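with the sequence up front, the predicted model follows.
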Amino acid sequence: METIGKCYQSADWKNEKHVPVIETPQAVPAEEIFQVTVSIGKEVAHPNTTEHHIRWIQLFFKPEGEKFTYQVGNFEFTAHGESAQGADKGCIHTHHSVTVSLNINKPGTLIATSFCNIHGLWENAQQITLK
């Protein structure tokens, strides 16, 4: 039986336009609020059209030494240029980037996942430590 974990693709975001890019400090003070930005297509632009777009980004945190992973947020992008006049004729496109503020009291791993309506599920991870 295939599980959801096997459906995720991963690569170097500098060469692959679908991989989530996680931007945040590598070390943060315990319990102090910091920002994490997750985007798609930082080095190689990803299309944002009615036919080809990023539908959502999810961010998770897995504390070091703990069993469970916590969902930080689920961010859905719903305007991709569609309109009554046809595909890509609309006046709005949501960009596939999100910034969230959070705090942690343990080191761990930030995990970002995303979904491209044509190329499926993608993931990336970044370790984060405490100062």
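Arrived safely, thanks for sending. Everything numeric in this text was worked out from a predicted model, so none of it was measured. Numbers count the residues shown, from 1 in each chain.

distance of residue 76 from residue 40?
As judged by C-beta to C-beta, to the nearest Å, residue 76 and residue 40 stand 13 Å apart. Every C-beta, even on glycine, is put in place using the N, C-alpha and C of the backbone.

report pLDDT for the closest residue to residue 96 other than its chain neighbours.
Closest residue in space to residue 96, ignoring its immediate chain neighbours: residue 54 at 3.7 Å, by C-beta to C-beta, 6 or more residues apart in numbering. For residue 54, the pLDDT comes out at 97.

hmm, residue 54 is touching residue 116, no?
Yes: assessed by C-beta atoms under 8 Å, residue 54 is found in contact with residue 116 at 5.7 Å.

overlap in contacts, these two.
Both residue 54 and residue 116 are contacted by 40, 46, under the criterion C-beta atoms under 8 Å, 6 or more residues apart in numbering.

more neighbours: which of the two?
For residue 54 versus residue 116, the count of surrounding residues by other C-beta atoms under 10 Å is larger for residue 54: 28 against 20.

what's near enough to touch that one?
Under the contact definition (C-beta under 8 Å, 6+ apart), the residues listed for residue 54 are 40, 46, 48, 77, 96, 114, 115, 116, 117.

return a PyMOL selection command for the buried portion of those.
Here is the PyMOL command that selects the buried residues among these (16 or more other C-beta atoms under 10 Å):
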select buried, resi 40+46+48+77+96+114+115+116
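
out of the contacts of residue 54, which sit inside strands?
Judged by DSSP state E, the contacts of residue 54 include 40, 114, 115, 116 as members of strands.

how far away is the first one from residue 112?
The reference is to residue 40. Computed as C-beta to C-beta, the residue 40 to residue 112 distance reads 9 Å.

okay, and the common contacts of those two?
Contacts common to residue 40 and residue 112, judged by C-beta under 8 Å, 6+ apart, are 20, 21, 57.

circling back: from the contacts of residue 54, which is closest to residue 89?
Distance to residue 89 across the contacts of residue 54 (C-beta to C-beta) is lowest for residue 48, with 14.2 Å.

was I right to think the closest one contacts residue 80?
Yes: between residue 48 and residue 80 there is a contact under C-beta under 8 Å: 6.3 Å.

ok, the residue with the largest distance to the centre of the chain to residue 48 distance?
No residue in the chain sits farther from the centre than residue 85, which is 30.7 Å out by C-alpha atoms, centre = their mean. Plainly put, residue 85 is 18 Å away from residue 48 if you go by C-beta to C-beta.

that's all I had, so thanks and see you.
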